[in-house]
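> Dropping the sequence and predicted coords here.
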Amino acid sequence: MTARGVPPRPDGERLTVKRMAELLNVSTATISNAFNRPDQLSEARRRWILDECKRLGYMGPNAAARSLRTGRTGNVGVMLADNLAYSLTDPVASEFLHGLAEVFDQNRMNMLLLSSQDPDSEYRSHLQEAMVDGFIIYGWLSKGRTYDRLLQQGKPMVAVDFDLEGCTWVNIDNYEGARTSAEHALKTPPQRVSILGLRLVASDRVCRIEDRELFREQRAVSVRRLSGYLDALHAAGHDVPPERIWSTPTNDHPDAYQAAWEALNTGQRPDLLLCMSDRLALAAIQVALQMKLRIPEDLRIVGFDGIPEGNTLHPSLTTVYQQSAEKGRMAARLFLGEEQDRNVLIPTRLLVRESCP
């Protein structure tokens, strides 16, 4: 017997809800509630049941009868770094999901969208995770309980936009895209350069990075873009101090507008803005026009992403086009085994338009 009177799992024994109920001396309904209806149990009792299930190697009830028969559900879990509403409205994330959907539609597979931001996901997601054949993890997944739980399941995983140890990944060449765009902008030497960044530091407010610690490179897409900008600037003899680099916590318009307004209302207004997303750049164009600044004569602006809105306004946006839909298609094909298992770095393309000719 082990601590608290729970016997060890016999080698090779197939664990079921019924067997776990016997081992823990509780009802099958109690086991099911611990995974699927946490509000039905006290926190202490639910935690004890989940801990014992994890120790014995039981990952939760399998809700798909078809999976019991065939070992496959026909569902793919897409683990999102952001909440669902943000992921569906952000133009880059939605285009990525569209690329996934194209390939999965062709293969008659379904997507189950999951958010790693759910603070109670360890309890709520057991059933959902049991209903999928594997996971595509988009944006970021920190090492912790969710990460450990997914690894324990032994299901296929593909990481997108970050590197995950022991996992095939698909990334955009963010460094080279940013460096190329900065080199293009520097062909007309600027007097002052500022950078509008996205999630460069751990803050829930628009801020300058100053002495704040940047996210680790393998996590932050924006840190790779920042490295590309700074290397190009340094090679051209320009050094941008930290107080001229802004970080926004989201890619939404309010944060983008605030960062652009602050950058353009400093004592020494920049004449070149390097923006790590098109939404940041579009907000900067809006602020600049409200200030009666001429683009590109008074201010040149470069974005990153290549979203359609950048080409529909005047002045149109010079930007780095990343193949977001292709990123989704490649991740899906790797997951399904339609592509040779390998890490994929997708190139970007500079689109020169009116904001920085």
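Structure received.
> Every contact and neighbour count from this point should use C-alpha atoms.
Will do.
> who touches stretch 104-111?
Contact with stretch 104-111 is made by Gly74, Asn75, Val76, Gly77, Val78, Ala101, Ala332, as judged by Cα atoms under 8 Å, 6 or more residues apart in numbering.
> Now do the nearest residue to the first one once chain neighbours are set aside against Ala101, distance only.
In other words, Gly74. Distances taken as Cα to Cα, 6 or more residues apart in numbering place Met109 nearest to Gly74, at 5.1 Å, with adjacent residues excluded. Met109 sits 9 Å away from Ala101, going by Cα to Cα, to the nearest Å.
> more neighbours, those two?
Legend: neighbour count by other Cα atoms under 10 Å for Met109 and Ala101, higher for Ala101 (20 against 14).
> List the buried residues in whatever helix or strand that one lives in.
Per DSSP states H and E, Ala101 falls inside helix 91-106. Applying a neighbour-count criterion of 16 or more other Cα atoms under 10 Å, the buried positions in helix 91-106 are 91-101, 103-104.
> which residues in the stretch 51-200 of the chain form strands?
75-80, 110-115, 135-138, 157-160, 168-172, 193-198 (DSSP state E, counting those that start in this stretch).
> Would you mind measuring the gap between the ends of stretch 81-96?
With Cα to Cα as the measure, stretch 81-96 spans 13 Å from end to end.
> how far does that stretch sit from the chain's center?
Taking the mean of its C-alpha atoms, stretch 81-96 sits 9 Å from the chain's own mean (Cα atoms, centre = their mean, to the nearest Å).
> next one: stretch 334-343
What separates the centre of stretch 334-343 from the centre of its chain is 20 Å, taken as Cα atoms, centre = their mean.
> quick thing: my sequence starts at 315, can you match it?
In the new numbering, first residue 315, that becomes stretch 648-657.
> ends of that stretch, how far apart?
Start-to-end, stretch 648-657 (Cα to Cα) is 9 Å.
> average pLDDT across that stretch?
Taken as a whole, stretch 648-657 has a mean pLDDT of 89.
> Can you give me the buried ones in that stretch?
Applying 16+ other Cα under 10 Å to stretch 648-657 flags Leu648, Phe649, Leu650, Asn657 as buried.
> what sits against Val515?
Ile523, Arg526, Glu527, Leu528, Phe529, Ser561.
> hmm, 6 Å instead?
Leu528, Phe529 (Cα atoms under 6 Å, 6 or more residues apart in numbering).
> element containing Leu664?
Using DSSP H and E, the element containing Leu664 is strand 663-665.
> and Pro622, how many residues sit next to it?
For Pro622, the neighbour count with other Cα under 10 Å is 11.
> pretty sure Asp475 is in contact with Asp487, am I right?
No. Using Cα atoms under 6 Å, Asp475 makes no contact with Asp487, being 9.6 Å away.
> related to what we said a few turns ago, and the buried residues of stretch 648-657 as JSON lines, adding secondary structure?
Shown next, in JSON lines, are those (DSSP: H, G, I helix; E, B strand; the rest coil):
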{"residue": "Leu648", "secondary structure": "helix"}
{"residue": "Phe649", "secondary structure": "helix"}
{"residue": "Leu650", "secondary structure": "helix"}
{"residue": "Asn657", "secondary structure": "coil"}
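> And those, which two are furthest apart?
The most widely separated members of those, counting by Cα to Cα, are Leu650 and Asn657 (14.6 Å).
> what's the closest non-adjacent residue to Gly402?
No Gly there; residue 402 is Leu. Ser408 is the one closest to Leu402 (Cα to Cα, 6+ apart), at 5.2 Å.
> any idea how far the one you found lies from Tyr571?
22 Å.
> Also Ser346?
Here Ser346 is placed at a distance of 47 Å from Tyr571 (Cα to Cα).
> and the two? which has more neighbours close in?
Ranked by neighbour count (other Cα under 10 Å), Ser346 and Tyr571 place Tyr571 first, with 22 against 17.
> Leaving out sequence neighbours, find the closest residue to that one.
Here the residue nearest Tyr571, using Cα to Cα, 6+ apart, is Ala597, at 5.0 Å.
> May I have the secondary structure class of that neighbour?
Ala597 - assigned by three-state DSSP - is helix.
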